[in-house]
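A.B. asks: 3D, please:
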Amino acid sequence: MLRFDIAPVCSNAYRLQAVVSFTIAAIYLFTPYQWVSALLAFGGLWRGFVSPHRCPSYLLFAAITRKLGQSKLINAGAKMFADKIAGIAGLVMFLSWLSGSAIGSIPAVAILIFAALDVATGFCVACWAYALWYRVRAT
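C.D. replies: Numbers count the residues shown, from 1 in each chain. Got it, this is the predicted structure:
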């Protein structure tokens with residue numbers, strides 16, 4: 001479902017956001033600083049459920065891409081869906097860290113893989129799933 005109630009977002013700014021998500025997942029998995037998952041949770045939930053246009057990291061990355069002439073606007077719906085998934089994964093990671101459980105490594109590995117794929121190729125798995133879901137529901 002395309003979101004026309006939210007202004008389009010910059011796909012290249014979201015690729016920079018994927019670099020941040022990849023970094024947070026790597027820190028979570030390979031260092032003792034697992035509390036950084038709170039940043040992934042907060043940012044993802046804010047961009048996904050409130051608006052990407054009110055998120056400081058998105059605003060910074062959109063300004064950078066605009067300044068470099070690399071701004072490419074796309075519909076916000078799929079990216080907001082991806083943010084919701086990343087936010088929930090970050091929340092699971094954070095709560096897992098708080099409880100001393102290792103289950104948070106599962107969403108961390110998923111974020112690490114899918115963010116790397118997005119950064120390297122521009123292919124957003126959550127965006128693809130979002131489009132597939134609405135295509136299947138329409139039939």
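
A.B. asks: The helix or strand where Ala129 lies: which residues count as buried?
C.D. replies: Using DSSP states H and E, Ala129 sits in helix 125-138. Using 16 or more other CB atoms under 10 Å as the test for burial, helix 125-138 gives 126-127, 130-131. All C-beta spots, glycine's among them, are computed from the backbone N, C-alpha and C.

A.B. asks: Can you name the element that comes right after the lengthiest helix in the chain?
C.D. replies: Determined from DSSP state H, the single longest helix within the chain is helix 76-99. Going down the chain from helix 76-99, the next helix or strand is helix 105-121, by DSSP H and E.

A.B. asks: Check which residues of that next one are buried.
C.D. replies: Buried, per 16+ other CB under 10 Å, within helix 105-121: 105, 107-108, 111-112, 114-116, 118-119.

A.B. asks: looking at the protein, which helix or strand is least sure?
C.D. replies: Ranking every helix and strand in the chain by mean pLDDT, DSSP states H and E puts helix 125-138 at the bottom, with a mean of 88.

A.B. asks: Hey, what's the angle from that one to helix 76-99? Just curious.
C.D. replies: 120 degrees (axes from the mean of the first three to the mean of the last three CA atoms, to 10 degrees).

A.B. asks: I'd like to check what contacts helix 125-138. Which residues are they?
C.D. replies: Residues from elsewhere that reach helix 125-138, judged by CB atoms under 8 Å, 6 or more residues apart in numbering: 1, 77-79, 81-82, 85-86, 114, 117-118.

A.B. asks: How about stretch 80-87?
C.D. replies: 3, 6, 14, 21, 40-49, 52, 111, 124, 126-127, 129-130.

A.B. asks: Now list the buried members of those residues.
C.D. replies: Applying 16+ other CB under 10 Å to the contacts of stretch 80-87 flags 14, 21, 40-48, 52, 111, 124, 126-127, 130 as buried.
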